[in-house]
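>>> Please work out how this folds:
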Amino acid sequence: MVVSSRATLRDQAGVKLVRIERLAKQQREISFRLSSHRDGSKRLIMDEAEAHRAFAREVAASLQDPVVLGLIERGVLQN
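Numbers count the residues shown, from 1 in each chain. This next block holds a predicted model:
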């Protein structure tokens, strides 16, 4: 039996960082999913520090994207 849990760690400018934990018997796997409205991509990152750095880079890029800025101005996304 595999048990999985998800928790949103950070959510800004259309960028979301989610912690995913999977438990199976005596194994435990933690990964981080980074998703963005900017390009619609999702990345799976295994290292937490790298996930937070990638989040910061993607937020900075999103805040330069005219489409994302328009969504923030209209209140669709939170900054």
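>>> just the strands in this protein please.
2-12, 15-24, 27-36, 42-45 (DSSP state E).
>>> Tell me which residues are up against the first one.
Yep, that's strand 2-12 we're talking about. Outside strand 2-12, the residues within contact range by CB atoms under 8 Å, 6 or more residues apart in numbering are 16-24, 32, 52, 55, 59, 78-79. From N, CA and C alone the C-beta is placed, and that goes for glycine too.
>>> any idea how far the residue nearest the centre of the chain is from residue 24?
In the chain, the residue lying closest to the centroid (CA atoms, centre = their mean) is residue 17, at 2.4 Å. As for residue 17, its distance to residue 24 is 23 Å (criterion: CB to CB, to the nearest Å).
>>> So in the protein, which helix runs the longest?
The longest helix of the chain (DSSP state H) is helix 48-62.
>>> For that helix, name the packing helices and strands.
If contacts are counted by 3 or more CB pairs under 8 Å, 6 or more residues apart in numbering; DSSP states H and E, helix 48-62 sits against strand 2-12, strand 15-24, strand 27-36, strand 42-45.
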